[in-house]
Each structure stands twice: as C-alpha cells, then as structure tokens.
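S.K.: next input, structure requested:
(one chain, ligands or ions: 1)
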Amino acid sequence: MGFSQRCKVLLSEYIQTKASRLVEEQWVFELFRGKGYSIFQVEGDTDIYQVHLSETNTPSCTCLHWVYRHTICSHILACQLYSEPPHPEEPDELEEGLTPKEIERLVTEAADLFNPTTWR
Ligand SMILES: [Zn+2]
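M.R.: The predicted model follows:
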C-alpha cells in the first residue's frame, strides 16, 4: 500500500472513530427535518457546525474539512450514523462470540491441519 493510500485509510479510520464518538457523546442534534432532507447541528471539538443531509443532494457541512476537501467529514458521518443507526436486532458475531473453550478447540484443530505428522 502506498503512502497516500495508507493516509486515506488512517484518515477514514480517524473520521469513523470520531463520528461514532460524536454520536455516543450526544453532540449531534437534529435541528430540522424536511421532506427528504434534514439539518443537523454538531458540536465538534473546536466549533459548532451545521450539516445538511439530503436524499437527493450530496451531504454538506460547514467545517473546514468539508469546505476545502469536499469529502465526508466526521460531522457528516456522525449525522448519518445518528439518523440511520446500525440495526441493533442483527446479532453482532463478534459479541455473540465463542467461549474460550471453543476457541481453544478451534485453534488446536487448526494447528493439526498444518502439522505434517498428522497428514494421512
Ligand atoms: Zn464537518
């Protein structure tokens, strides 16, 4: 992966983390909901921003990230998360999880697959 690609990945991870934090800590307020669009107010770390989400237009924000880069910023993502939260009824495989015993068994069996002495 090239340097700029790696930066993009890191940037989007940063934005995602920040966006979910903004939602969790309730910095997102829906100011107005119209037909097919919503206006939000998001309290960021340094300022308060307005985000417009619309079904037909590109989302926009009043922060410098959006003004200069025109790519999704943490505020826009936070508003999207806020208005369309991930479906809680879908079981999260990671949280469902395996018991430590089951994991141990899987790991032990998998190790056998790579051990030539057990090949038949
Ligand atoms: Zn923004």
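S.K.: any idea which helix or strand in this structure has the lowest mean pLDDT?
M.R.: Ranking every helix and strand in the chain by mean pLDDT, DSSP states H and E puts helix 93-96 at the bottom, with a mean of 56.
S.K.: next secondary structure after that helix?
M.R.: Per DSSP states H and E, the first helix or strand lying C-terminal to helix 93-96 is helix 100-113.
S.K.: quick one: mean pLDDT over stretch 103-120.
M.R.: Stretch 103-120 shows an average pLDDT of 67 in the prediction.
S.K.: quick one: name the residues of this protein near the ion.
M.R.: Contact residues, the chain versus the ion (Cβ under 5 Å from the ion): 61, 63, 66, 73, 75. Every C-beta, even on glycine, is put in place using the N, C-alpha and C of the backbone.
S.K.: mind giving me the ChimeraX command for buried ones among those?
M.R.: To isolate the buried members of these in ChimeraX, using 16 or more other Cβ atoms under 10 Å:
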select :61,63,66,73,75
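S.K.: now for the residues of the chain next to the ion, which pair is the farthest apart?
M.R.: By the measure Cβ to Cβ, these have their two most distant members at 66 and 75, which lie 7.7 Å apart.
S.K.: what residues of the longest helix anywhere in the chain count as buried?
M.R.: Determined from DSSP state H, the single longest helix within the chain is helix 3-24. By neighbour count with 16+ other Cβ under 10 Å, helix 3-24 contains the buried residues 15, 18-19, 22-23.
S.K.: show me what the helix or strand containing residue 76 is packed against.
M.R.: For residue 76, the element it lies in under DSSP H and E is helix 74-83. In terms of contacts (3 or more Cβ pairs under 8 Å, 6 or more residues apart in numbering; DSSP states H and E), helix 74-83 is packed against helix 3-24, strand 28-33, strand 37-43, strand 48-54, strand 60-61, helix 64-69.
S.K.: so which bits of the last one are buried?
M.R.: For helix 64-69, burial by neighbour count (16+ other Cβ under 10 Å) applies to 65-66.
S.K.: residue nearest the centroid of this protein?
M.R.: Centroid-nearest residue in the chain: residue 16, 4.0 Å away (criterion: Cα atoms, centre = their mean).
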